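for reference, the sequence and a predicted model appear below.
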Amino acid sequence: MNASKEEVVSKEAEQIYVVKRDGQPPLRFRGTILGTASTKWVGGKDQSRWDEDTIYRTKAGKIVVSHEWHTLWQGEVNSSEAWTADDIEGIIDQLSYMDGGESRIPRALQLALEDADIDYAQDID
């Protein structure tokens, strides 16, 4: 991965954010939004379950990712999570998961990284 804190330019003015987390206190920080993404609309169809991710940079330079999972299904509840790291690579390391022996990045995070114009390409040479 080639991303560095200095490469990412903020999309919004700095302000105070409060990010909800299920089962934990919310995170409050001053910062900017770097990118956002939603999987609510996929392939021309409105989804009944979807993810929304937002990537922030705090005033101190840390990266925060908020993840909200939404459902319209009866008996299911929405959920909110958030992660912090010193840089984009740390966030990707935390949120990557194994699938068939390969590391994968959640789709909403991938879309948010692209929205933020963050280079997260994996170097293989």
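Here it is on my side, so go on.

quick one, longest strand in the protein?
strand 24-38 (DSSP state E).

paired strands for it, with orientation please.
strand 15-21 (antiparallel), strand 49-58 (antiparallel) (DSSP bridges).

could you dump the ones you listed into JSON lines with mean neighbour count added?
In this view, the C-beta of every residue, glycine as well, is placed from N, C-alpha and C. What follows is those, written out as JSON lines (neighbours: other C-beta atoms under 10 Å):
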{"stretch": "strand 15-21", "mean neighbour count": "13"}
{"stretch": "strand 49-58", "mean neighbour count": "20"}
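
turn those strands into a markdown table, including distance to residue 115 and mean pLDDT.
Shown next, in a markdown table, are the strands paired with strand 24-38 (distance: least, C-beta to C-beta, whole Å; pLDDT from 0 to 100):
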| stretch | distance to residue 115 | mean pLDDT |
| --- | --- | --- |
| strand 15-21 | 17 | 96 |
| strand 49-58 | 8 | 94 |
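
one step back: now do the helix or strand just after the longest strand of the chain: which elements does it pack against?
Next helix or strand after strand 24-38 toward the C-terminus (DSSP states H and E): strand 41-42. Packing partners of strand 41-42 (3 or more C-beta pairs under 8 Å, 6 or more residues apart in numbering; DSSP states H and E): none among the helices and strands.

quick one: strand 41-42 to chain centroid distance?
17 Å (C-alpha atoms, centre = their mean, to the nearest Å).

could you do stretch 47-66 as well?
4 Å.

check stretch 71-83 too.
Relative to the centre of its chain, stretch 71-83 is centred 16 Å away, using C-alpha atoms, centre = their mean.

what do you get for stretch 92-101?
Chain-centre distance of stretch 92-101: 14 Å, with C-alpha atoms, centre = their mean.
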